[in-house]
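Peer 1: give me coordinates for this.
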Amino acid sequence: MDIVSLARFQFAMTTVYHFFFVPFSIGTAFAIAVMESIYVHTKNDVYKKMARFWGNIFLLSFAVGVVTGLIQEFQFGMNWSDYSRFMGDIFGAPLAFEALLSFFMESTFIGLWTFTWNKVKPGLHAFFIWMTSIGSLTSALWILTANSFMQNPVGYTIKNGRAEMTNFFALLKNPQLWFEYGHVVFAALMMGGVIVAGLTGFQMLKAKKQAVSDETKKVYKTSMRFGMCIALIFSVLTIAVGHAQMQYLIKEQPMKFAATEAVYKTTKSPAGLALFGVADQKTHQLKGSVEIPGMLSFMSYNKFSGSIKGMDQINKDLTKKYGKYIAGHRVNYYPPVNTMFWSFRIMVGIGMWVALVSIVTLFLTRKQKETLYNHKWMLWVVALTTFVPFIGNSVGWFVTEFGRYPWTVYGLFTIQQSVSPTVSVASLLTSNIVYFILFTTLAIVMVYLVVKELRKDPANLDNPQLLEKVLDPFDKGAF
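Peer 2: Below you'll find the predicted structure:
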């Protein structure tokens, strides 16, 4: 075990854990905002009950997301201090907007929304949750502004060994940002729909064993169709934006694109799409692959012609441009190909799976014939789909982050240059163990609390205010 490997593992662990809850919060907040808006427009009390019920799940994800985010920021300063020094001027502005504007708005309005059920007009209460949702969406924008600079540096100059911002608006106009933001946000909104529908699937399975009221069934059935409508719309949009993003990467990050397809040698025209296989990183071959002729060219250029530059040629080009040694460390520019190849396929497969399950579920829950609720295996398919977006979001970030190896900031700063110079193997190993235990504990607590909330009857929820009355601590005479 070396310092760089342990630091990278810690970054990956903290990021994946944190990103379990970020799209969870973004997606469920948006879904609840739509529920409340429908209630305000139609006066259908079912949607109000849905908003209350799923709102408690959202609050849990938000709370855990805040905790995991703080830990992730802490490990930046601890393990990646040289990176922080290099990038501090660039990261400062978007992260300040995220903290002082978006997170402040999100946390303020989430409090107003939580504590004002039945105390303000329904329209104003819906406004509170919309502002919470907008806060989370803009928070993602500022974070991805910083991340997009790492993928495609713009609006900067190098001064005294540091990247310094010269044009803030160049960061906002970065093409990488808008592809990345659209793909991440649409995936998060898709996740919100899947969570509502998927957890409803578990509730409907439980209802087969334990009788529930007709009103409760109505809430569940409405939640199922509502969640799947959201999931279908945004799964299609996620796939569409992801496709556009990959076409953009052909020119901007050709090594990342070639790695997702395990293309070592420049292909002929047209290029076939490998459905599966195992990359041999010694012989630079994809073994056991099955290809669809011409499909990779079509997906890349929207036509059945055109070749794909291979990683071997791209590595030569990058070596010529940046050198074999950077800051005294020998480098090659090949990312972990098997991780990229399979992560990309799992991500695409999950997007297609969610779209398919959504279409089938909406068809089987139509008013004329609600077939879905009569078959346990169908409900199990929907219920287990709850966990699929967590995997999809994680492998999507694997593609994004692993794909720019060996850089932390593409073309400017490497992983080897980024690690804190004073950190030790012992301290990293200890902090990795501590973080793992902490994150595992948080995950267990989160699951426990979600299950506890799901046991409540959505048709008969108590007022969801955390404090029904604010008591004066001195009202009975403290002295």
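Peer 1: contacts and neighbour counts: CA atoms only from here.
Peer 2: Noted.
Peer 1: ok, and the closest non-adjacent residue to I57?
Peer 2: V450 (6.2 Å; C-alpha to C-alpha, 6 or more residues apart in numbering).
Peer 1: and the one you found, what helix or strand is that in?
Peer 2: Taking DSSP states H and E as the definition, V450 sits inside helix 425-454.
Peer 1: buried sites along that helix?
Peer 2: L428, L429, S431, N432, Y435, F436, F439, L442, M446, V450, E453, L454 (16 or more other C-alpha atoms under 10 Å).
Peer 1: for that helix, enumerate the helices and strands it packs against.
Peer 2: Contact here means 3 or more C-alpha pairs under 8 Å, 6 or more residues apart in numbering; DSSP states H and E; on that basis helix 425-454 packs against helix 3-42, helix 45-79.
Peer 1: which stretch in these is the model least sure about?
Peer 2: Note on these: lowest mean pLDDT is at helix 45-79, with a mean of 87.
Peer 1: for that one, the distance to its chain's centre please.
Peer 2: 13 Å (C-alpha atoms, centre = their mean, to the nearest Å).
Peer 1: that helix packs against which elements?
Peer 2: Secondary elements touching helix 45-79 (3+ C-alpha pairs under 8 Å, 6+ apart): helix 3-42, helix 214-252, helix 425-454.
Peer 1: go with 10 Å
Peer 2: helix 3-42, helix 81-97, helix 104-115, helix 122-151, helix 175-209, helix 214-252, helix 425-454 (3 or more C-alpha pairs under 10 Å, 6 or more residues apart in numbering; DSSP states H and E).
Peer 1: quick one, that helix and helix 3-42 angle?
Peer 2: 160 degrees (axes from the mean of the first three to the mean of the last three C-alpha atoms, to 10 degrees).
Peer 1: report the strands that pair with the helix or strand harbouring K287, each with its relative direction.
Peer 2: Element membership for K287, per DSSP H and E: strand 285-292. Note on strand 285-292: by DSSP bridges, its sheet partners are strand 273-280 (antiparallel).
Peer 1: list the buried residues of stretch 135-147.
Peer 2: In stretch 135-147, counting by 16+ other C-alpha under 10 Å, buried: 135-147.
Peer 1: repeat for stretch 210-228
Peer 2: T216, K217, V219, Y220, K221, T222, S223, M224, R225, F226, G227, M228.
Peer 1: how about the helices and strands packed on helix 425-454, which one is nearest K256?
Peer 2: Of all those, helix 3-42 sits nearest to K256, with 18.1 Å by C-alpha to C-alpha.
Peer 1: which neighbouring elements make contact with that closest one?
Peer 2: Going by 3+ C-alpha pairs under 10 Å, 6+ apart, helix 3-42 lies up against helix 45-79, helix 122-151, helix 175-209, helix 214-252, helix 388-402, helix 415-418, helix 425-454.
Peer 1: any idea how far V337 is from A7?
Peer 2: Distance of V337 to A7, given as C-alpha to C-alpha, to the nearest Å: 21 Å.
Peer 1: dump the helices and strands packed on helix 3-42 to JSON lines, plus distance to V278.
Peer 2: Below are these laid out as JSON lines (distance: least, C-alpha to C-alpha, whole Å):
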{"stretch": "helix 45-79", "distance to V278": "33"}
{"stretch": "helix 122-151", "distance to V278": "27"}
{"stretch": "helix 175-209", "distance to V278": "27"}
{"stretch": "helix 214-252", "distance to V278": "21"}
{"stretch": "helix 388-402", "distance to V278": "17"}
{"stretch": "helix 415-418", "distance to V278": "26"}
{"stretch": "helix 425-454", "distance to V278": "30"}
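Peer 1: how about those, which one is nearest Y325?
Peer 2: helix 415-418 (11.3 Å).
Peer 1: what average pLDDT does that closest one get?
Peer 2: The model assigns helix 415-418 a mean pLDDT of 89.
Peer 1: pull up the pairing partners for the helix or strand where A163 lies, direction included.
Peer 2: Using DSSP H and E, A163 sits in strand 162-165. Applying DSSP bridges to the sheet, strand 162-165 is found paired with strand 156-159 (antiparallel).
Peer 1: what's in contact with the strand it pairs with?
Peer 2: With contacts defined as C-alpha atoms under 10 Å, 6 or more residues apart in numbering, strand 156-159 is touched by 86, 89-90, 149, 162-168, 170-171, 412.
Peer 1: do that again at 7 Å, thanks
Peer 2: Outside strand 156-159, the residues that touch it by C-alpha atoms under 7 Å, 6 or more residues apart in numbering are A163, E164, M165, T166, N167.
Peer 1: would a markdown table of the residues you listed with distance to Q368 and pLDDT be doable?
Peer 2: Below are these laid out as a markdown table (distance: C-alpha to C-alpha, whole Å; pLDDT from 0 to 100):
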| residue | distance to Q368 | pLDDT |
| --- | --- | --- |
| A163 | 62 | 91 |
| E164 | 62 | 91 |
| M165 | 60 | 91 |
| T166 | 61 | 92 |
| N167 | 58 | 92 |
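Peer 1: low-confidence stretches in this protein?
Peer 2: Low-confidence segments of the chain (pLDDT under 70): 462-479.
Peer 1: hmm, 80 instead?
Peer 2: 1, 72-77, 208, 210-212, 368, 370, 461-479 (pLDDT under 80).
Peer 1: between the helix holding V450 and helix 3-42, how many degrees?
Peer 2: Using the same axes, to 10 degrees: helix 425-454 against helix 3-42 is 20 degrees.
Peer 1: just give me how far helix 425-454 sits from the chain centre.
Peer 2: 19 Å.
Peer 1: hmm, back to that, let me know which of the helices and strands packed on helix 425-454 is tucked in deepest.
Peer 2: Among these, ranked by average contacts under mean count of other C-alpha atoms under 10 Å, first place goes to helix 3-42 (a mean of 22).
Peer 1: what's near enough to touch M228?
Peer 2: G193, V194, A197, S358, L362 are the contacts of M228 under C-alpha under 7 Å, 6+ apart.
Peer 1: please report how far it lies from V46.
Peer 2: The separation that M228 has from V46, given C-alpha to C-alpha, amounts to 17 Å.
Peer 1: try M299
Peer 2: Applying C-alpha to C-alpha to M299 and V46 gives a distance of 43 Å.
Peer 1: and V337, what does it touch?
Peer 2: So V337 contacts A259, A262, A279 (C-alpha under 7 Å, 6+ apart).
Peer 1: can you pick the most crowded of the residues you listed?
Peer 2: Most neighbours among those, by other C-alpha atoms under 10 Å: A262, with 30 neighbours.
Peer 1: name the SS class of V423, please.
Peer 2: Following DSSP: H, G, I helix; E, B strand; the rest coil, the label given to V423 is coil.
Peer 1: what is the burial count for it?
Peer 2: 16.
Peer 1: quick check: phi and psi at it.
Peer 2: phi -70, psi 150 (degrees, to the nearest 10).
Peer 1: spit out the contact partners of the spatially closest residue to it that is not a sequence neighbour.
Peer 2: Spatially, and ignoring its direct neighbours in sequence, V423 is nearest to N79 (6.6 Å; C-alpha to C-alpha, 6+ apart). Neighbour list for N79: A7, V419, S420, V423 [criterion: C-alpha under 7 Å, 6+ apart].
Peer 1: separation between N79 and V450?
Peer 2: Applying C-alpha to C-alpha to N79 and V450 gives a distance of 33 Å.
Peer 1: and what of D82?
Peer 2: Taken as C-alpha to C-alpha, the span from D82 to V450 is 39 Å.
Peer 1: ok, now which ones touch N432?
Peer 2: Q10.
Peer 1: make it 8 Å
Peer 2: With contact set as C-alpha atoms under 8 Å, 6 or more residues apart in numbering, N432 has these partners: L6, Q10.
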